[in-house]
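Student: Everything below, folded, please.
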Amino acid sequence: MNRPSLFLLHLFCLLLLFAEAQDTYYDFGFERRQSIPVVENGRTLSLSWAGGLNSVHFSEIDLDLDGVPDLLGFEKHGNRLLPFLRTDNGFLYAPHYARSFPDLHDWVIFYDYNHDGRTDIFTYGLASVRVFENVSDEMLRFQLVADPLQAFYYNGYTNIYASPDDYLVVDDIDHDGHLDILNFWVMGKYVHHLRNYAAENEPFDFRLENECWGHFEEAADNNAVTLFSDCDSKFGDDHTRHTGSSMLLHDFDGNGLPDLLLGDVDSPYNILLYNNGTLDDARMTMQDTAFPSPMPIHLYSMPAASFVSLPGRDVLSLVVSPSDPSLTKSQDLNSVWVYDYNADIQQYTLVQTDFLQNEMLDVGSGCHPVLHDFDGDGLLDLFVSNYGQFDSAQVVNGWLTSFFSSSVSYYRNIGTPASPVFTLQTCDFGNLKSLGFHALHPTFGDFDGDGETDMLCGQEDGTLLLLPHSRLVTGDGTINTRFADIDVGECSTPQSFDLDEDGKMDLIVGNRRGLLSYYRNIGGYIAEYQKITDTLGGVDMRDFTQSYFGYSVPCFYHDVQYGTVLFCAGALGEVAYYKRIDENIDGVFEKSEANLAETVNGVAQPFREGRRVAAAVADLNGDGRPEMVLGNYAGGAAYFEGAVPPAHTSVPQHECPDMCVYPNPTNGKVVVDGLPSTFRTMEVFDFQGRKIAQTAQSEYDFSSCPAGLYFLRIHFHKGETITLKVMKVGE
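Tutor: As a prediction, the model looks like this:
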């Protein structure tokens with residue numbers, strides 16, 4: 001056998017193996033990008049698609065292993081990690097580093113416990129603490145070393161208690177070179193000191209050193225602190241409540257002793273407790289309830305602080321953000337405050353209230369994107385609604401109640417068919433914010449038969465609001481607050497879509513339960529809706545191991561290759577993919593989890609965008625593949641470009657045992673033999689998954705194609721497909 005023939009044989013075998021490896025890949029892949037500009041008030045946002053911030057806790061860690069600490073944010077509202085690389089001019093969003101971290105939730109504290117120069121992870125477990133050691137070498141990696149972390153209490157070792165709502169102290173409290181822990185006792189209002197007695201070469205040996213560290217106690221129903229307490233009663237009259245606190249240890253007054261900055265659930269303030277005891281016996285003797293003067297921290301609710309090094313600063317900055325676990329209590333916009341130390345007045349001064357947020361698309365709490373060409377210029381515009389934006393808060397009978405108002409933001413697309421540019425036109429499209437609605441979700445169409453585009457909005461109570469075109473254009477006009485008497489329970493999320501392909505736009509409405517309701521349009525030029533089902537396609541976004549609610553947000557999409565498909569977002573951050581919908585709208589849709597993916601460095605991964613996500617899918621750049629804008633509860637969105645999927649070699653449903661392609665290998669024309677009468681079209685892909693041709697014929701000429709492996713994807717009626725392989729050889 002000559003050398004060229006041997007080479008082709010090896011190439012053929014290699015590419016066949018490559019092709020088989022693609023069988024488990026996706027119908028739709030999406031690659032995270034920052035490429036679409038977003039312009040607000042004439043300024044292009046530098047972190048447009050970072051996903052928004054509500055309740056974030058910042059730490060420093062070397063992400064790219066260049067010896068320089070970078071910035072990592074942990075967003076509590078969705079358990080999202082936001083990595084930022086440090087540059088001379090600020091921070092560069094680098095989301096791919098988030099994939100290097102283990103699954104983290106509720107709270108995260110970074111500390112180098114073994115002094116090897118690599119920052120380790122302390123995070124919440126099951127009412128306990130988990131520890132991951134940073135074992136990075138040529139890449140960022142972590143290894144679980146304790147789950148749960150234990151300490152010696154009274155008669156033996158047991159789990160160190162941690163609440164999912166607290167931020168503990170993980171620090172060398174007594175300056176002995178070993179990491180210690182401060183945590184609130186499980187049943188009380190006192191702080192325990194767990195001292196680390198580890199021997200050399202051992203990381204941990206925690207023992208209860210003091211049941212009343214600092215000699216203070218926190219009130220059960222507010223943020224009041226009582227000093228000079230000996231914690232005589234472990235229980236007291238109000239032992240049933242410790243609802244959450246944040247703690248930051250730092251020597252604020254420079255006396256060599258660690259002071260404590262304390263935040264409390266339902267409170268917007270931090271209280272600074274000054275330590276005038278000793279390293280072995282901390283005693284808080286003064287408290288500052290308006291820290292720092294003259295511009296004290298005021299962030300609902302339970303502000304948590306950390307020190308980080310920011311570009312252009314000579315000293316560490318104090319960064320503060322809410323840490324209340326509730327999704328409906330915390331401030332959202334302007335919720336990341338930065339204080340710099342002013343040596344002239346020897347105090348921390350407020351320098352920014354929207355750190356990093358001011359560079360992001362961020363609409364408050366919740367982000368539901370919708371793509372629609374409202375101005376009729378042929379370009380898809382972006383509409384973004386929210387659960388609401390924080391307006392105010394008040395404490396009633398000891399409990400905090402926060403008030404939000406929902407709105408719709410309109411970003412007009414002023415780019416080109418291949419390069420979108422979204423520029424903000426208004427933050428209150430349709431003048432809805434002042435009306436006090438919650439959880440608005442828009443869809444568009446001519447619902448009143450006047451030939452103009454109207455906006456239909458779902459809302460928290462499960463009904464639909466109709467805003468006629470005149471109100472959208474002028475800001476005036478009557479709102480129909482119970483459109484078509486549709487009510488799906490709670491949190492309605494409508495989509496106007498021609499599901500039965502009769503030329504009339506139907507309504508599919510998601511809800512808090514996680515199901516989909518289907519209303520068929522049986523009207524004429526004025527839409528009229530007939531309820532068909534509350535369980536369309538058998539779609540159910542609930543995961544009963546975690547929640548009784550699914551918060552389904554449907555996005556049906558017509559794809560050239562697969563026909564009608566559904567991308568349905570849900571409460572826990574998942575985007576479910578359903579196909580086999582055409583001619584099956586009365587049946588159960590096929591859920592195809594393995595065929596939808598975010599691709600990271602060519603590897604298929606599940607989406608990880610936080611809680612209560614919502615997806616908008618459309619071909620934004622004219623390449624024939626859909627893009628996705630994926631919103632999350634922190635108020636922002638991520639942008640994903642459609643990735644070229646590998647050719648599938650499996651036969652999903654259509655069985656064709658007698659079908660074959662010949663001659664194969666070939667140096668010219670091939671013919672597919674045995675095609676049934678249901679044959680529709682044939683597409684030709686190269687081995688990289690790039691589509692090079694489409695034909696309604698059963699043959700294709702490869703004469704002008706370079707040698708290599710090719711795929712013929714054959715389409716039949718009802719959306720069925722089969723893929724055959726062809727080897728093109730040289731002359």
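Student: so after the helix or strand of the chain with the lowest mean pLDDT, what's the next helix or strand?
Tutor: The helix or strand of the chain with the poorest confidence is helix 3-21; it has a mean of 40 (mean pLDDT, DSSP states H and E). Next in sequence after helix 3-21, counting helices and strands by DSSP states H and E, comes strand 28-33.
Student: in that next one, what counts as buried?
Tutor: 28-32 (16 or more other Cβ atoms under 10 Å). Where C-beta positions appear, they are placed from N, C-alpha and C, glycine not excepted.
Student: For the residues you listed, give me CSV that also has pLDDT and distance to G78.
Tutor: Converted to CSV, the buried residues of strand 28-33 look like this (pLDDT from 0 to 100; distance: Cβ to Cβ, whole Å):
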residue, pLDDT, distance to G78
F28, 91, 23
G29, 91, 23
F30, 94, 18
E31, 94, 21
R32, 95, 16
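Student: Any figure for the gap between C212 and D281?
Tutor: For C212, the distance to D281 equals 10 Å [Cβ to Cβ, to the nearest Å].
Student: Does the residue nearest the centre of the chain belong to a helix, a strand or coil?
Tutor: With distances taken as Cα atoms, centre = their mean, E609 lies nearest the centre of the chain, 1.8 Å away. For E609, the secondary-structure state derived from DSSP: H, G, I helix; E, B strand; the rest coil is coil.
Student: wouldn't it be in contact with G570 here?
Tutor: No - using Cβ atoms under 8 Å as the test, E609 is too far from G570 to be in contact (11.4 Å).
Student: Surely N358 is within a helix?
Tutor: Yes - counting by three-state DSSP, N358 is located in a helix.
Student: show me where this structure has helices.
Tutor: All helices of the chain, identified by DSSP state H, fall at 3-21, 469-474.
Student: So what touches the last one?
Tutor: Applying Cβ atoms under 8 Å, 6 or more residues apart in numbering, the external contacts of helix 469-474 come out as 374, 429-431, 450, 452-455, 476-479.
Student: Format the CA atom coordinates belonging to that helix as PDB.
Tutor: Extracted C-alpha coordinates of helix 469-474, given in PDB (Å, rounded to 0.1, in the frame of the first residue of the first chain):
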ATOM      1  CA  HIS A 469     -50.100  50.200  20.800                       C
ATOM      2  CA  SER A 470     -51.100  53.800  21.600                       C
ATOM      3  CA  ARG A 471     -49.900  53.500  25.200                       C
ATOM      4  CA  LEU A 472     -46.600  52.000  24.100                       C
ATOM      5  CA  VAL A 473     -46.000  55.000  21.700                       C
ATOM      6  CA  THR A 474     -47.400  57.900  23.700                       C
END
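Student: Tell me, how many residues neighbour the closest residue to V191 other than its chain neighbours?
Tutor: Leaving aside its chain neighbours, V191 sits nearest to W213 (4.6 Å; criterion: Cβ to Cβ, 6 or more residues apart in numbering). Using other Cβ atoms under 10 Å, the number of residues around W213 comes to 26.
Student: Could you check the pLDDT of W213?
Tutor: pLDDT recorded at W213 is 96.
Student: May I have the residues that are in contact with it?
Tutor: 182, 190-193, 282.
Student: Please indicate which of these are buried?
Tutor: 182, 190-193, 282.
Student: ok, those vs A343, which is closest?
Tutor: A343 has its nearest neighbour among these in A282, at 26.6 Å by Cβ to Cβ.
Student: Wait, the closest one touches G214, no?
Tutor: Yes - the pair formed by A282 and G214 meets the contact definition of Cβ under 8 Å, at 4.7 Å.
Student: what touches both of these two?
Tutor: Contact criterion Cβ under 8 Å, 6+ apart; residues bridging A282 and G214 by contacting each: N275.
Student: show me the contacts for K669.
Tutor: K669 makes contact with 699-703 under the criterion Cβ under 8 Å, 6+ apart.
Student: one more time with 10 Å, if that's ok
Tutor: Taking Cβ atoms under 10 Å, 6 or more residues apart in numbering, we find K669 in contact with 663, 699-703.
Student: what's the answer for L350, then?
Tutor: Listed by Cβ under 10 Å, 6+ apart, the contact set of L350 reads 292, 294-298, 318, 320, 337-340.
Student: how much space between it and V319?
Tutor: Distance of L350 to V319, given as Cβ to Cβ: 11 Å.
Student: who touches both of the two?
Tutor: Residues touching both L350 and V319 (Cβ under 10 Å, 6+ apart) are 337-339.
Student: Cool, thanks, signing off.
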